[in-house]
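Q: Predicted model, plus sequence, below.
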Amino acid sequence: MEFNKYDLRLKDEVAFFTKELFYALFDDVCNKRAASLKEKFTTILKRLNVTEEVKIWEQYSTSFCTIREKLDLDAEAFESSDPACKSLAEVYLAYPGFHAIAIHRLSHELYKMNIPILPRMISEYGHGLTGTDIHPGAVIGDSFFIDHATGIIIGETTVIKDHVKIFQGVTLGGLQVKKELASVKRHPTIENNVIIYANATILGGEVTIGEGSIIGANVCITDTVSPGSIVTFESENTITTRKSYVN
């Protein structure tokens, strides 16, 4: 398909659709309001030259209740993990990390269905809103907590299991950027109950962070970490006194 056949204003339509679908997830447990978005969804697919759009919607819509259930677990993880959080309502209404996870869970379902382009458009909408770049291919388990959100990058073949916590600036990426590696696992696996602190970088598809490990701030990891490990980066600050402040 030629690039010039696309109307780039479709980006705005996908953004609006994603926002409305996010709201619909929380209207009622069976997401009846989401049915009203069927026409918007099928129109978007038609404009992306994707066929069987009604069948795709029917399959996609069956995932909404499961997504909502997973998001409720995520929200509870936020409330129990962040000392600044005063209520679940605050998580749902005011936490960019939660919003980033919600949009990822919506885009990931479409990615699993092999729908072209649209999952990336949805994830890029979330990226623009929250500063968190999660590829729709990433597999993320239950009770996921993202603190502060800004600057986080999670690559396509990343696997994150249950009860994982990550902080701002974390990168779960690949060691190399080569087109011939497109079908290879390029990004790390994070086992259950791992905490990854701010600006840590974990690179490589063969890398696994073992269950229950703590990865400290500013660490760079390119090898597997055993379960129950604590990995820290040690640096020394040099403090001197400014001459203008010497009595």
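A: Nice, I can see it.
Q: so which strand or helix has the spatially closest residue to I101 that is not a sequence neighbour?
A: In this structure, I101 finds its nearest non-sequential neighbour in D74, 5.2 Å apart by C-beta to C-beta, 6 or more residues apart in numbering. (C-beta placed from N, C-alpha, C; glycine too.) Under the assignment given by DSSP states H and E, the secondary-structure element containing D74 is helix 64-81.
Q: about what we covered before: which residues touch the residue nearest to I101?
A: 98, 101-102, 142-145 (C-beta atoms under 8 Å, 6 or more residues apart in numbering).
Q: Over to I122?
A: Contacts for I122 were tallied using C-beta under 8 Å, 6+ apart; they are 14, 18, 103, 106-107, 110, 136.
Q: Quick check: which ranges of the protein have low pLDDT?
A: Under the criterion pLDDT under 70, the flagged ranges of the chain are 1-6, 28-32, 245-247.
Q: What segments of it are helices?
A: Remark: helices assigned in the chain by DSSP state H are 10-24, 38-47, 53-61, 64-81, 88-94, 96-112, 118-130.
Q: Tell me which other helices or strands the third one touches.
A: I take that to be helix 53-61. When contacts are defined as 3 or more C-beta pairs under 8 Å, 6 or more residues apart in numbering; DSSP states H and E, helix 53-61 sits against helix 38-47.
Q: how about the helices of the chain, which one is nearest I215?
A: Between I215 and the helices of the chain, the shortest gap by C-beta to C-beta is with helix 64-81, which sits at 15.7 Å.
Q: Give the buried residues for that closest one.
A: For helix 64-81, the buried set under the neighbour-count rule, 16 or more other C-beta atoms under 10 Å, comprises 64, 67-68, 70-71, 74-75, 77-79.
Q: ditto for stretch 178-194
A: Applying a neighbour-count criterion of 16+ other C-beta under 10 Å, the buried positions in stretch 178-194 are 185-194.
Q: mind giving me a markdown table with those and columns for distance to T240?
A: Putting the buried residues of stretch 178-194 into a markdown table (distance: C-beta to C-beta, whole Å) gives the following:
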| residue | distance to T240 |
| --- | --- |
| K185 | 47 |
| R186 | 44 |
| H187 | 42 |
| P188 | 39 |
| T189 | 44 |
| I190 | 40 |
| E191 | 43 |
| N192 | 45 |
| N193 | 42 |
| V194 | 38 |
